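> Structure here, sequence nowhere to be found:
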């Protein structure tokens, strides 16, 4: 039982990290219909920026985190304004290719500036933990889960009660109708990139915190979050969170039990499991759990 | 079917073209194509004559190494180690006191497809490869190397390399590191205890397991769970769970991508385990980051060579002098020292080839067969080279403990420098 | 928006060929104009001559460009013509390479047997995957095909009797057709190196595959595929079977990918699961998508040009930067600088993709068309 609970806690913590990464993808997809591969680069940049503010410049951790989020938002807006704005109306695949180009450049710039060696983030969470019964809860994991909750609540309030949030929802539903209503689609897209940049910085910090260190390979987690994005529905922020948690749990429980009970599935099956979950869900619901169904028109 | 006129004229053009083009065959301008790089290079007078990669004064060597991407964390310091040694060597006069060495590096991006292109780029430019990094990449490049009689020094420690006629391996293989690490554990409070293992599911992991299993037959400890994980896995919670009860010590074979999250988890659980890690599990973040205190108490590293800055070892003194001159920004790094030792060994092979008067590829292979003992000035033990069947790798390892305060020694303090356990002494390398 | 693959913006004047074919049958001919015939002859001369002019290194690069072109033509049939986005192409390439390893090396079958077998096995696996495309659309399909890479990596690592597991397996399958052995060709008293032979082999296969693909796209299946891409509901209404053409496109595209994989096997001679699975597989798949986009989507020529560019350009950049001294950049032989030349090479590559696609999002082929239009109407061109 302890084993099961520990695996669940681990699964939820990993899932929360996936969720933060997935939220960034989803926000941009909603506004532009593009899967932004550079999001993985934003996550890495966010972590390094937090490191620079906190360790290099000596800003206390939480203000440094806020600064990193602002800087992340700025990077998102700059990338949008310099590169992606020129691509409005182009086929999504061309745009995706360009985001991959941006990712390639970020991947080279990061080690050039900060070196390839992992750096300590100096977060207050460290390797501290709380014990509840037999279960060890890592403080960094609790913070990650808390941050995801906070972000979800803020998103809900933003999309529900602010004028801009409603405008963003309207744009996501029908771009032309939104334009006809006088909504600045350009502004919506820019704000979406800014939000994605902020969420990326948060994701980067939670990935680098808890002793994991700031290192270029945290971008791998961004790719591991793919099934989570799809599972929830590419354009649903709520779906991203649910998808992240399901994938995290599936992965963790498979890693814990499959070698014992289904070893014939082979070594490392837990890496494949998320994709099986994803495929099964998509066969039943082709637009993910909460994705917007696209109407097929002739 | 009736043949139209255009088809017929097409056939005629085709025939003419083929004949003309083939008539030109072999006009390819003076490069490269001869492939297996045999021919020249040998003179009776003793001084080697120019050959591929050697113009009579400068010897060009190649290195295929990840310089971008995630594996650059190993490739960059290792290549810098190669480079600093050769710069120092050139300043001291060069190979045999007269031939300067030039190192051509190619970025493999840790991808064997690109590594092979690097190889076909370098093969017409270099005498040999001073560095070939990555087990998979070495396997991939070995096939054309065999066809070309090319010699390379692999930067991985698989025991499989020991018997390969095209390879010049350096330092004690992973198996020896495992055996020495466990011997040290048994001699320091581990007798009769249960040792478990977490290992990568790869050739690298299998090498570690072979060492652990051999040690178990010859040393007084019980072998517990062996938990494996896939090469792409970074979350080892389940594996940690498997070893967290009933194991006194865990021998770890992993890369930093997996070992960092593993130790951060173990540290937050304050798992009461004696960790013994193989060289590539280590990265300085483990000491400088939040895990420092836990690592100090619970982790030993089985690697080779002296503590960084221990100038009582002649090799270390020379290395630090060279760093001060050619790369003052280099921080203490076990991969740098490895690259330095590797370049040193390569220089010994080249000296032998010069002494035999032949720097051609077959000449280098012959020199490797006749090289004999290479003493690495205390940096990695004595390696006996010769015909593949008679090669004997060093059996020494150094056991390090972590000291988060000792940034100047790369956070590592030696517990036993270049120790050779009885079990390691008897380990038979596969024929 | 998501289904719109071929851009409709900036439509340019379509110029009719100078010599209009008189009969409908002529219009369906492969090579219509004298220019096209001349191009074929020139390409043929280049094909035969190139190995006599270039060094082994460039031949190796070009052979890899060629095998990539085979795979890219396959992906273009699926993505460019049928509109099904796949990021799982590396998996099928891997299947082909392992077919070369198992049937070519372990069972020692000749080229004439194992290469077609690779195509058949690729097609079968593709046809099994195809039905997923019936249910999923656009980006959802793209990500699901990423799953193939992970499932593939899992199979490649665990099916050790065929793949050799982590240790990898030799894939230098026999490459002889009767008396012609591409490993050591000899003709007219000349002996050719392996890399010369590989160039001829790979580009020979490119020619065959391009011919097959051209024939597919200019006939009924090709028109059906494009109908599926542009308006699938309308296509269904007029009697195009979505099931048949989507699954068919997957099968053909995978067959081509497996052939490319088989060629990769013989060029590379040794493969292991990290060549095709997981994150490296994703990088490989993405590079194939890059080929068809940069070359020009939904054109056979585009796929070939794109493959040459994506595979060859990094090597060209590398050689250029090797010979130039750029300030603040560490060269391949060391020295001081902020940026390593290797990082710079990749930054240049990334920038070139961005700048090029910003400038001409329809790919290189469109650029050529533009240039040709300019010269044809000169001196009246804008």
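Great, that's in hand. This one's a predicted model, so the numbers in the text were calculated from it and none came from an experiment.
> Run through the residues that contact residue C:294.
By C-beta atoms under 8 Å, 6 or more residues apart in numbering or on different chains, residue C:294 lies in contact with A:97, C:306, C:309, C:310, C:353, C:356, C:357, C:363, C:364. Glycine gets a C-beta too; all of them are placed from N, C-alpha and C.
> In helices, which of these fall?
Those of the contacts of residue C:294 mapping onto helices are A:97, C:306, C:309, C:310, C:353, C:356, C:357, C:364, per DSSP state H.
> Excluding residues flanking it in the chain, which one is nearest the first one?
So that's residue A:97. residue C:293 (5.1 Å; C-beta to C-beta, 6 or more residues apart in numbering or on different chains).
> Just confirm that neighbour is within a helix.
Yes - secondary structure assignment places residue C:293 in a helix (DSSP: H, G, I helix; E, B strand; the rest coil).
> since we're on it, how many residues are nearby?
Neighbour count of residue C:293, defined by other C-beta atoms under 10 Å in any protein chain shown: 29.
> same deal with the one 10 residues further on?
The number of residues packed near residue C:303 is 36, by other C-beta under 10 Å.
> pLDDT (mean, whole number) over the helix or strand containing it?
Using DSSP states H and E, residue C:303 falls within helix C:300-323. Averaging pLDDT along helix C:300-323 yields 87.
> Check which helices and strands that helix is in contact with.
Counting contacts by 3 or more C-beta pairs under 8 Å, 6 or more residues apart in numbering or on different chains; DSSP states H and E, helix C:300-323 packs against helix C:56-75, helix C:194-217, helix C:278-295, helix C:341-359, helix C:364-376.
> In space, not sequence, find me the middle residue of chain A.
residue A:21 (0.9 Å; C-alpha atoms, centre = their mean).
> Please tell me I have it right and residue C:254 contacts residue C:74.
Yes - in this structure, residue C:254 is within contact of residue C:74 by C-beta atoms under 8 Å, at 7.1 Å.
> on that earlier part again, from the contacts of residue C:294, pick the one nearest chain B.
Of all those, residue C:310 has the smallest distance to chain B: 12.7 Å, by C-beta to the nearest C-beta.
> correct me, but that closest one touches residue C:290?
Yes - contact status for residue C:310 versus residue C:290: in contact at 5.2 Å, counting by C-beta under 8 Å.
> The two: which is more packed in?
residue C:310 (25 against 21).
> residues contacting the closest residue in space to the more buried one that isn't next to it in sequence?
Nearest residue to residue C:310, sequence neighbours excluded (C-beta to C-beta, 6+ apart): residue C:291, at 4.7 Å. Residue C:291 is in contact with C:68, C:69, C:72, C:75, C:303, C:306, C:307, C:309, C:310, C:311, counting by C-beta under 8 Å, 6+ apart.
> OK, contacts around the fifth one?
The neighbourhood of residue C:303, defined by C-beta under 8 Å, 6+ apart, consists of C:69, C:72, C:73, C:75, C:76, C:80, C:291, C:292, C:295.
> Residue B:392 - how many residues pack around it?
13.
> Could you check how far the nearest residue to it once chain neighbours are set aside is from residue C:250?
What sits nearest to residue B:392 in space, not counting adjacent residues and going by C-beta to C-beta, 6+ apart, is residue B:384, at 4.1 Å. Distance, residue B:384 to residue C:250, using C-beta to C-beta, to the nearest Å: 57 Å.
> Which of those two has more residues huddled nearby?
residue C:250 (28 against 13).
> how close does the more buried one get to residue C:128?
Distance from residue C:250 to residue C:128, by C-beta to C-beta: 9 Å.
> Residue B:374 now?
For residue B:374, the distance to residue C:128 - C-beta to C-beta - is 55 Å.
> higher neighbour count, those two?
More crowded of residue B:374 and residue C:128, by other C-beta under 10 Å: residue B:374, with 23 against 13.
> Tell me the bridge partners for that one.
Assessed by DSSP bridges, residue B:374 has beta-bridge partners residue B:383.
> which sections of chain B are below the confidence cut-off?
By pLDDT under 70, the weakly predicted segments of chain B are B:1-46, B:431.
> interface residues of it facing chain A?
Contacts of chain B with chain A, taken as C-beta under 8 Å from any C-beta of the partner chain, map to B:68-70, B:72-73, B:76, B:201, B:227-235, B:237-239, B:241, B:256-257, B:260-261, B:263-265, B:267-270, B:283-285, B:288-291, B:294, B:331.
> Give me the phi and psi for the nearest residue to residue C:272 once chain neighbours are set aside.
In space, and not counting its chain neighbours, residue C:272 is closest to residue C:168: 3.0 Å by C-beta to C-beta, 6+ apart. Taking degrees, to the nearest 10, you get phi 80, psi 180 for the backbone angles of residue C:168.
> wouldn't residue C:168 be in contact with residue B:136 here?
Yes - if you go by C-beta under 8 Å, residue C:168 and residue B:136 touch, sitting 6.5 Å apart.
> of the two, who's got more company?
residue B:136 (25 against 22).
> To what extent is the residue in the stretch 101-250 of chain C positioned nearest to chain A buried, counted in neighbours?
Nearest to chain A in the stretch 101-250 of chain C, going by C-beta to the nearest C-beta, is residue C:147, at a distance of 3.3 Å. Residues within reach of residue C:147, counting by other C-beta under 10 Å, total 24.
> so it, which of the three states?
Once three-state DSSP is applied, residue C:147 turns out helix.
> how about the nearest residue to it, chain neighbours excluded?
residue A:275 (3.3 Å).
> for the stretch 201-350 of chain B, what spans make up the strands?
B:222-229, B:249-253, B:274-278, B:299-303 (DSSP state E, counting those that start in this stretch).
> most tightly surrounded among these?
strand B:249-253 (a mean of 28; mean count of other C-beta atoms under 10 Å in any protein chain shown).
> For that one, enumerate the helices and strands it packs against.
Checked by 3+ C-beta pairs under 8 Å, 6+ apart, strand B:249-253 has helix B:174-185, strand B:194-200, helix B:203-218, strand B:274-278 packed alongside it.
> swap the cut-off to 6 Å and go again
Contacts defined by 3 or more C-beta pairs under 6 Å, 6 or more residues apart in numbering or on different chains; DSSP states H and E place strand B:249-253 against strand B:194-200, helix B:203-218, strand B:274-278.
> Which of these sits closest to residue C:194?
Set against residue C:194 and scored by C-beta to C-beta, the helices and strands packed on strand B:249-253 come closest in helix B:203-218, at 27.2 Å.
> Distance from the chain centre to the closest one, please.
With C-alpha atoms, centre = their mean, to the nearest Å as the basis, helix B:203-218 stands 19 Å off its chain's centre.
> If we ignore the residues flanking it in sequence, what's nearest residue A:170?
Per C-beta to C-beta, 6+ apart, closest to residue A:170 is residue A:178, 4.5 Å.
> So which bits of chain C are right by chain B?
C:41, C:44-45, C:48-49, C:52, C:55-57, C:60, C:166-168, C:188, C:190, C:193, C:268-270, C:272, C:274, C:278, C:332, C:334, C:340, C:342-343, C:346 (C-beta under 6 Å from any C-beta of the partner chain).
> quick one, what contacts the residue of the stretch 51-200 of chain B found nearest chain A?
Using C-beta to the nearest C-beta, residue B:73 is the residue of the stretch 51-200 of chain B that sits closest to chain A, at 4.2 Å. Counting by C-beta atoms under 6 Å, 6 or more residues apart in numbering or on different chains, residue B:73 touches residue A:116.
> so how far is residue B:402 from residue B:297?
9 Å.
> Neighbour count: the two, which is higher?
residue B:402 (25 against 14).
> Help me confirm that that one comes into contact with residue B:295.
Yes - using C-beta atoms under 6 Å, residue B:402 is in contact with residue B:295, at 4.3 Å.
> mind checking which helix or strand residue 260 is in?
You didn't say which chain, so I picked chain A. helix A:237-261.
> wrong chain, I was asking about chain C
With DSSP H and E as criterion, residue C:260 is part of helix C:242-268.
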